[in-house]
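Chemist: I'll drop the sequence and a predicted model, then ask my questions.
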Amino acid sequence: MTHHGMPYQSILRQFLSHFENNWAHFACVPIFSAFLTFLLLMGGCAPAATSGGAARAGSERSSLYEPGDDVLLAPDETASAKPGSASSEGAWSIALLTITGNDHQATAKALRTQIAANHPELKPLFLDEVGGGQGSAIFAGRYPSPKDPRCRARMEEIRQMTSSEGNRLFPRAMPGRPPSLVAASLHPHDLRTVRLGRRSSTPMYTLQIAQWGTFGDQSITYQTCRAQAESMARALRARGLTAWFSHNDGRSLSSVNVGVFGTDAYDPRSTLFSPEVEMLMQRFPQLQVNGEVLLDPRTGVARAPFLVEVPR
């Protein structure tokens with residue numbers, strides 16, 4: 001059996017390799033940080049401010065971009081938008097400073113006021129939390145992509161800005177994605193919206209019932225996979241189900257998930273699912289890959305949907 005010219009067994013082998021090693025997971029990307037001491041408004045034990053840095057919070061994905069991170073970009077972020085177009089504004093900005101410490105919000109607010117007064121050309125200038133709320137960052141501008149020529153040019157200008165003493169103010173400024181802009185840019189059916197506004201680190205799970213991927217087959221485009229997943233999630237929601245789509249751009253893989261559950265979704269000791277999960281598994285007993293039921297080659301039995309952790 002084939003699908004769009006791709007051997008079914010080829011899809012099966014590549015999927016099983018992923019599935020058997022990943023039951024409840026999500027991709028974690030190391031946070032990139034660059035630190036430089038900055039003169040604070042208050043002395044003593046004031047929170048630390050760093051130029052172009054990011055507060056580390058466990059395995060949370062970095063909000064800052066450095067050259068070589070292109071694999072982390074979504075398809076619509078790899079191409080530059082034309083100035084004035086509908087997509088010329090986006091979820092990217094330029095991180096000037098990151099402040100950490102117990103009073104990082106107040107310090108960041110005071111620094112923003114000082115920077116805005118001394119450098120009115122840095123617009124828009126705004127604050128956002130980073131590192132899961134453990135730090136605050138000051139951002140300038142808004143761009144569709146870190147590769148956008150305007151973003152690159154502006155970043156270099158900012159890096160060359162100096163104080164009255166001739167010292168560079170923001171030598172390590174770099175593109176970043178402020179959480180508030182990311183949240184505003186997300187589709188309401190995107191799985192990442194589940195955790196918006198929630199600071200709890202308690203794991204949350206959802207049931208993955210379908211996947212679309214290229215699996216190395218160039219006859220299938222990742223854009224088609226994304227569209228299929230989004231269409232299925234939309235159709236399920238039209239039927240009254242809480243469905244979500246999720247895109248893994250690094251693996252060219254899109255999935256459809258239903259429901260949101262807490263840590264009681266599965267008991268590893270009894271190997272039992274919660275009643276809510278069981279109900280959904282009875283409604284969706286077969287896992288689909290590229291629109292076809294995935295069969296175990298050893299038994300011929302259809303693979304069942306599985307739990308994955310909601311991205312933090």
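Modeler: Here it is on my side, so go on.

Chemist: now the strands for the stretch 151-300 of the chain?
Modeler: Remark: strands assigned in the stretch 151-300 of the chain by DSSP state E, counting those that start in this stretch are 174-176, 205-213, 243-248, 253-261, 266-267, 272-273, 288-289, 292-293.

Chemist: So Leu253 sits against Cys225, correct?
Modeler: Yes - at 7.1 Å, Leu253 and Cys225 qualify as touching, with contact defined as C-beta atoms under 8 Å. Heads up, the C-betas are built off the backbone N, CA and C, glycines and all.

Chemist: Overlap in contacts, the two.
Modeler: By C-beta atoms under 8 Å, 6 or more residues apart in numbering, Leu253 and Cys225 have these common neighbours: Trp212, Gly213, Thr214.

Chemist: want to try TSV for those residues, with neighbour count and distance to Asp148 as columns?
Modeler: Converted to TSV, the shared contacts of Leu253 and Cys225 look like this (neighbours: other C-beta atoms under 10 Å; distance: C-beta to C-beta, whole Å):
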residue	neighbour count	distance to Asp148
Trp212	27	29
Gly213	22	28
Thr214	22	26
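
Chemist: Out of the residues you listed, which is nearest to Gln288?
Modeler: For those, the closest approach to Gln288 (C-beta to C-beta) belongs to Trp212, at 8.8 Å.

Chemist: Are we agreed that Glu129 is in a strand?
Modeler: Yes - the assignment for Glu129 (DSSP: H, G, I helix; E, B strand; the rest coil) places it in a strand.

Chemist: which non-adjacent residue is nearest it?
Modeler: Of all residues not flanking Glu129 in the chain, Ser136 sits nearest, at 5.7 Å (C-beta to C-beta, 6 or more residues apart in numbering).

Chemist: Hmm, Gln105 and that neighbour touching each other?
Modeler: Yes - using C-beta under 8 Å, Ser136 is in contact with Gln105, at 5.5 Å.

Chemist: Between those two, tell me which one has more neighbours.
Modeler: Per other C-beta atoms under 10 Å, whichever of Ser136 and Gln105 has more neighbours is Ser136, with 27 against 16.

Chemist: send the alpha carbons of whichever strand or helix holds the residue nearest to Glu129 over as CSV?
Modeler: Element membership for Ser136, per DSSP states H and E: strand 135-143. Extracted C-alpha coordinates of strand 135-143, given in CSV (Å, rounded to 0.1, in the frame of the first residue of the first chain):
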residue,chain,number,x,y,z
GLY,A,135,13.3,37.3,34.4
SER,A,136,12.3,40.4,32.4
ALA,A,137,13.6,41.5,29.0
ILE,A,138,13.5,44.9,27.2
PHE,A,139,12.7,44.5,23.5
ALA,A,140,12.7,47.0,20.7
GLY,A,141,10.9,46.8,17.3
ARG,A,142,8.8,44.1,15.8
TYR,A,143,9.7,41.9,12.8
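
Chemist: Please list the outside residues in contact with it.
Modeler: Contacts to strand 135-143, defined as C-beta under 8 Å, 6+ apart, come from residues 54-55, 63, 89-90, 92-100, 104-105, 107-108, 111-112, 115, 122-130, 150-151, 154, 158, 175-176, 178, 181.

Chemist: Any quick PyMOL command for the buried ones out of the residues you listed?
Modeler: Buried members of the contacts of strand 135-143 can be picked out in PyMOL with the line below, counting by 16 or more other C-beta atoms under 10 Å:
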select buried, resi 54+55+63+90+92+93+94+95+96+97+98+99+100+104+105+107+108+111+112+115+122+125+126+127+128+129+130+151+154+158+175+176+178+181
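
Chemist: Could you confirm Leu97 falls within a helix?
Modeler: No - assigned with three-state DSSP, Leu97 falls outside any helix and is strand.

Chemist: close enough to count as contact, it and Leu169?
Modeler: No - taking contacts as C-beta under 8 Å, Leu97 lies outside contact range of Leu169: 9.0 Å.

Chemist: What are the structural domain limits within this protein?
Modeler: According to automatic domain parsing, the chain comprises the domains 2-24+203-309, 48-186.

Chemist: Compare those and say which comes out lowest on pLDDT.
Modeler: Of all these, domain 48-186 carries the lowest average pLDDT, namely a mean of 75.

Chemist: partners of the helix or strand hosting Ser93 in the sheet?
Modeler: Using DSSP H and E, Ser93 sits in strand 92-100. With DSSP bridges as the test, strand 92-100 is paired with strand 48-51 (antiparallel), strand 135-143 (antiparallel), strand 174-176 (antiparallel).

Chemist: so how many other residues sit close to Thr271?
Modeler: Neighbours of Thr271 under the rule other C-beta under 10 Å: 7.

Chemist: on that earlier part again, would you mind putting the strands of the stretch 151-300 of the chain into a markdown table with distance to Leu196 alongside?
Modeler: A markdown table is the format used below for those (distance: least, C-beta to C-beta, whole Å):
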| stretch | distance to Leu196 |
| --- | --- |
| strand 174-176 | 18 |
| strand 205-213 | 15 |
| strand 243-248 | 12 |
| strand 253-261 | 13 |
| strand 266-267 | 24 |
| strand 272-273 | 26 |
| strand 288-289 | 28 |
| strand 292-293 | 33 |
